[in-house]
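1. Following is a predicted model, sequence given first.
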Amino acid sequence: QVQLVESGGGLVQAGGSLRLSCAGSGRAFNSYHVAWFRQAPGKERQFVAAISWTDGRTYYARPANGRFTISRDNGKKTVYLQMNSLQPEDTAVYYCAADTDWSPTTLTWREYDYRGQGTSVTVSS
């Protein structure tokens, strides 16, 4: 069993930065690939970034590429999402999810084995 808890959200001005954390529990957490998703008000949940547990490879959705960085600290059982140059359109609830299958381009939110409750990010203009 794996539990995921997101933190680090908040209010930031456009151009600012935030670092989100996804803390995992359970002995098997470091055997899971982890992804970040986000859901803006009135919109569908969308994939943001993913990181593999085996070799640390990463994959980003286009809106995140170049501005966001996903990383993981297996010793702390935590995955991070560093978000820079934030814009109002980045306002959303951010969620992390874990799965044993590395398929960031095809796995949907609901298909992930474990999913967190989210942390809210608001970017003011």
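-> Structure's in. What do you need? Everything quoted here is computed from the prediction, not taken from an experiment.
2. Show me the beta-bridge partners of the residue most central in space within the chain.
-> For the chain, residue 36 is the residue whose C-alpha lies nearest the centre (C-alpha atoms, centre = their mean; 2.3 Å). Beta-bridge pairing for residue 36 (DSSP bridges): residue 49, residue 96.
3. Contacts only, for it.
-> Residue 36 makes contact with 20, 22, 47-50, 70, 79, 81, 94-97 under the criterion C-beta atoms under 8 Å, 6 or more residues apart in numbering. (Glycine included, C-beta is placed from N, CA and C.)
4. quick one: the strands in the chain?
-> Along the chain, the segments classed as strands by DSSP state E run 3-7, 10-13, 18-25, 33-39, 46-51, 58-60, 68-73, 78-83, 92-99, 114-115, 119-124.
5. I'd like those strands as JSON lines, with mean pLDDT appended.
-> Below are the strands of the chain laid out as JSON lines (pLDDT from 0 to 100):
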{"stretch": "strand 3-7", "mean pLDDT": "97"}
{"stretch": "strand 10-13", "mean pLDDT": "98"}
{"stretch": "strand 18-25", "mean pLDDT": "97"}
{"stretch": "strand 33-39", "mean pLDDT": "97"}
{"stretch": "strand 46-51", "mean pLDDT": "97"}
{"stretch": "strand 58-60", "mean pLDDT": "96"}
{"stretch": "strand 68-73", "mean pLDDT": "96"}
{"stretch": "strand 78-83", "mean pLDDT": "97"}
{"stretch": "strand 92-99", "mean pLDDT": "97"}
{"stretch": "strand 114-115", "mean pLDDT": "96"}
{"stretch": "strand 119-124", "mean pLDDT": "98"}
